[in-house]
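1. Pasting the sequence and the predicted coordinates here, then a few questions.
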Amino acid sequence: MPGEVIDRPNPQPLDSQISKEVLSLSVKLEKLKLSDADLKGLEEFRRAGNYIAAAMIFLSNNALLERDLTFEDIKPRLLGHWGTCPGLTLVYAHLNYLTRKNDLNLVYVVGPGHGAPAILASLWLEGSLERFYPQYAQTKQGLHNLITGFSTPKGFPSHINAETPGSIHEGGELGYALSVSFGAVMDKPDLVVACIVGDGEAESGPTAGAWHAAKYIDPKESGAVIPIVHVNGFKISERTIYGCMDDKELVTLFTGYGYQCRFVEDLEDIDRDLATSMQWALDEIRKIQKAARLGKPIFKPRWPVLIMRTPKGWSGPKKVNGEFVEGSFHAHQVPLMSAKTDRDQLAALQKWLLSYVPDTLFTKDGVPIDSIKSIIPFEDHNRLGQRAETYKNYEPLNVPDWKKFGVEKGREESCMKAIGNLLDKALVDNPKSLRIFSPDELVSNKLDAVFNHTGRDFQWDEFSNARGGRVIEILSEHTCQGFLQGYTLTGRTGIFPSYESFLGIIHTMMVQYSKFNKMARETTWRTDISSINYIETSTWTRQEHNGFSHQNPSFIGAVLNLKPTAARVYLPPDANTFLSTIAHCLRSKNYVNLMVGSKQPQPVFLSVEEADKHCQAGASVWKFASTDEGLNPDVVLVGIGSEIMFEVVVAAAILRRKCPQLRVRVVNVTDLMILEAETLHPHSLTDDEFSALFTKDKPIHINYHGYSHEIKGLLFGRPALSRVSIASYKEEGSTTTPFDMMLCNGVSRYHIMEAAIKGAAKTNEKVALDMLSLLGEVRHQVSKVQGYIMETGRDPEGTFDVPRFEGTVFAEGKEGGGKEGGKGEDGFFVN
């Protein structure tokens, strides 16, 4: 059975066991008196919008039904979603009306993004499509172009995306509209976002978490969201959870979330019901904001939420082939799928479209009649499709000079502690255009310097209420990502620090956002936006408090899969390179920036000036760790990642003493994209540059933080790849010592030494002569160290001491900040 069988259209939820007394929690209102002209304008806008939306799904010709339909008038492929459209046009009409009456700054975020026909129809009626696309002018030809081009290669796609004026949300994957809306109103005190959430989307985990987003809105400094839950009762082939919940269940649910709940469900007088409810919601918002802005904030304010119950596919066909359509899941997509070949369905389509009486809604020239225009805001910039916040509102950051926060070469410093100081200054210098969104991990990730001059913006907590914090921490990665998207797409800049292993939770959200941004860049009218910035730390290389579950560097691969115009992945090796990288990322536009680094103290290998040059190039030879500054090497050792690079440097230092005849070039790669084959990425090295850095023919061993297939994919197409070996994370290790994690995954100094000896032996006869004894000694060391760790539960003393390099600031070596163990372990060559 493809879907459930219902015995009546629009079935109502059965009565729950909750006491009727809870219904007193819902808001009861006396309906406003609307003029006949306003009621007429609202009804005709809805009727015109529904006509256009339905016609867009079906018609390839005869857009205004100036004659009887024929099979030739029907599109060869019927694509689109009808069921949600009537609800979307209803809300659109009333938001324009509300804006006109109150001179609002209002943005409409649409969760049911597959309802694009309704939004495009409404945009055409208000004149916003013509503003950005002259081919969709308010003329008969413009309407013909819109209707016949929809869901074809020459027209708009079937989902709301960046090509849709007024949109700040990719309408494909469900669950994110609400958090995006709350992100959009942050630091915009005069902005209201009306967010419609379908009852299918309401079942998703991200939406469930996002209902708490209002608790992070300080009404003194930010705008507000009017959530509208559209309960039409059905998904693709069955009823929704919310559709089966009665008013008692819904009012108690939303009261618990912290909202005042108003039901909009009078189908006989829907326009007055919705107009009254929207005006009430706006008035409640203004009361809350006024109190906060007068210095008398309401603790735990009850923000408004509207629950709108209307039938799925309302005004569409009642029955098709004996099945209920209106008020059932059969209305979800295309109600008359055989209209191009079945005469009965073609006739039903004509009857349906004529029920809107299109010849009364448009002039003979195809222009919407004046009564429809009467509910639309007077000023173009106030129309929902032309709000500047949605497409041309970029605010560049005042980025601090990172060099002022630089760390002396040769010292040890946590990358996160170093950038925490820079971010603290950035938050001070950009008090209304920079925020940090994080899943309760800033202190753990050693970024607590950001709290030197600000706090957390959590309004439900008496210790942070009404204090205007620039940091939001909520243990929902989805909500953090939604906040980040809404904040960024309305012109500001956000940063998302996270444990490495849990960024993957928002993988598909990030991909959806990237799709939106890709299409935005291809329009002629959307301006630049800030990049979205991820800081990935608490990595698999250090598992002091956690185990196998906290080891997952796969988000790197997720970003690598994006278009080259968007993907940027950086693995800075020390504090100074990380400072340079984050300053660059905060200034950048239109990218997805991923920065991966350590929160534990690490050696500062490069001075401020060296780090600057290194980051500009994306990679460099570390001459201090190389033989003869890297000239004529037998093997090239490459490190990508902070702890991983430390092992490369230590390996090079030990090889100098244990095998001085072996010539090593040490290379660090901080910008992962330089490896990609020539021409495939804007940062790709040319083949000549690649050969200059890695040699033309010498063995290359790459020690990499992520998964090996990522490096293989990047290098594909480069010449002479048979000389490349790769060591990387391979899903090994649990709660163990830091060095044991290196050993378990084959990326330790010993594994690098083994690869170097094998590689050098191919061309260096002296190394080849001693290869077996050298490898035997290295493998014996691995066995000894593993035994020691198993017996004592700690790494040998000196494991993380900075290695010695004569003639450099590291000539004496330095005691490592991550040193473990006691004294007196003889026979280990750890550095």
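-> In hand now; what should we look at? Numbering: from 1, shown residues only.

2. could you point out the longest helix in the protein?
-> Criterion DSSP state H: the longest helix present in the chain is helix 765-792.

3. Run through the neighbouring helices and strands of that helix.
-> If you count contacts as 3 or more C-beta pairs under 8 Å, 6 or more residues apart in numbering; DSSP states H and E, helix 765-792 packs onto helix 738-744, helix 749-760. C-beta here means a position set from N, CA and C on the backbone, and glycine is covered the same way.

4. and N590, which of these is closest to it?
-> Smallest distance to N590 across those (C-beta to C-beta): 36.0 Å, for helix 738-744.

5. Of all the residues in the longest helix of the chain, which ones are buried?
-> By neighbour count with 16 or more other C-beta atoms under 10 Å, helix 765-792 contains the buried residues 767, 770-771, 774, 777-778, 781-782, 785, 788-789.

6. what ranges of this structure fall below the confidence cut-off?
-> Along the chain, segments meeting pLDDT under 70 span 1-3, 543-545, 814, 816-831.

7. if you set the cut-off to 80 instead, what comes out?
-> Along the chain, the model assigns pLDDT under 80 to residues 1-4, 171-172, 543-547, 811-831.

8. if we can go back for a sec, would you mind finding the most buried of the helices and strands packed on helix 765-792?
-> Greatest average neighbour count among the helices and strands packed on helix 765-792 goes to helix 749-760 (a mean of 25), per mean count of other C-beta atoms under 10 Å.

9. List the contacts of that one.
-> Outside helix 749-760, the residues within contact range by C-beta atoms under 8 Å, 6 or more residues apart in numbering are 634-635, 637, 647-648, 650-651, 654-655, 658-659, 662-664, 698-701, 703, 723, 725, 727, 742-743, 767, 771, 774-775, 778-779, 781-782, 785, 830.

10. go on, stretch 506-523?
-> With contact meaning C-beta under 8 Å, 6+ apart, stretch 506-523 is reached by 132, 161-163, 169-170, 172-173, 176, 206, 477-478, 480-482, 485, 489, 526, 529, 532, 554-555, 558-559, 561-563, 565-566, 590, 592.

11. now those residues: which count as buried?
-> Buried among the contacts of stretch 506-523 (16+ other C-beta under 10 Å): 132, 161-163, 169-170, 172-173, 176, 206, 477-478, 480-482, 485, 489, 526, 529, 532, 555, 558-559, 562, 566, 590, 592.

12. Now, these that are in strands?
-> In strands, defined here by DSSP state E, the members of those are 532, 592.

13. counting contacts, what elements does the helix or strand Y92 falls within pack onto?
-> Element membership for Y92, per DSSP states H and E: helix 85-102. Helices and strands touching helix 85-102, as assessed by 3+ C-beta pairs under 8 Å, 6+ apart, comprise helix 36-58, strand 105-110, helix 116-126, strand 191-198, strand 224-231, helix 270-293, strand 303-309.

14. Using CSV, please lay out these together with distance to N398 and mean neighbour count.
-> As requested, these are arranged in CSV below (distance: least, C-beta to C-beta, whole Å; neighbours: other C-beta atoms under 10 Å):
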stretch, distance to N398, mean neighbour count
helix 36-58, 44, 23
strand 105-110, 25, 25
helix 116-126, 36, 28
strand 191-198, 22, 26
strand 224-231, 28, 28
helix 270-293, 26, 19
strand 303-309, 32, 24
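
15. Any chance of JSON lines for the ones you listed, columns distance to V357?
-> Output for those, formatted as JSON lines (distance: least, C-beta to C-beta, whole Å):
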{"stretch": "helix 36-58", "distance to V357": "7"}
{"stretch": "strand 105-110", "distance to V357": "27"}
{"stretch": "helix 116-126", "distance to V357": "16"}
{"stretch": "strand 191-198", "distance to V357": "27"}
{"stretch": "strand 224-231", "distance to V357": "26"}
{"stretch": "helix 270-293", "distance to V357": "17"}
{"stretch": "strand 303-309", "distance to V357": "25"}
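
16. Which among these is found nearest to L586?
-> Checked against C-beta to C-beta, the stretch from these lying closest is strand 191-198, at 23.5 Å.

17. Residues touching the closest one, excluding its own?
-> Around strand 191-198, the neighbours that count as contacts under C-beta under 8 Å, 6+ apart are 84, 87-88, 91, 95, 104-112, 174, 177-178, 180-182, 184-185, 207, 223-230, 232, 282, 285, 389, 490.

18. same deal with stretch 401-409?
-> By C-beta under 8 Å, 6+ apart, the residues outside stretch 401-409 that reach it are 413, 418-419, 421-422, 425, 574-576, 579-580, 582-583, 604-608, 610-612, 809.

19. Swap in 7 Å and give it another go.
-> Identification of contacts with stretch 401-409 by C-beta atoms under 7 Å, 6 or more residues apart in numbering yields 413, 418, 421-422, 575-576, 579-580, 583, 604, 606-608, 809.

20. go on, stretch 616-629?
-> With contact meaning C-beta under 7 Å, 6+ apart, stretch 616-629 is reached by 605, 614, 630, 633, 649, 652, 663-671, 674, 683, 693, 805, 808, 810.

21. So which of the residues you listed belong to strands?
-> Among these, DSSP E puts 664-669 in strands.

22. Now do the helices in the stretch 351-500 of the chain.
-> When secondary structure is read from DSSP state H, counting those that start in this stretch, the stretch 351-500 of the chain shows helices at 370-373, 415-429, 477-489.

23. closest to V471 out of those helices?
-> Closest to V471 of the helices of the stretch 351-500 of the chain is helix 415-429 (C-beta to C-beta; 8.1 Å).

24. mind listing what's buried in that closest one?
-> So for helix 415-429, counting by 16+ other C-beta under 10 Å, buried means 415-427.

25. Can you read off the backbone torsions of R804?
-> phi -90, psi 130 (degrees, to the nearest 10).

26. what's near enough to touch the closest residue to P301 other than its chain neighbours?
-> Nearest non-adjacent residue to P301, counting by C-beta to C-beta, 6 or more residues apart in numbering: I288, 4.4 Å away. Each residue near I288 by C-beta under 7 Å, 6+ apart is listed here: 219, 298, 301, 303.
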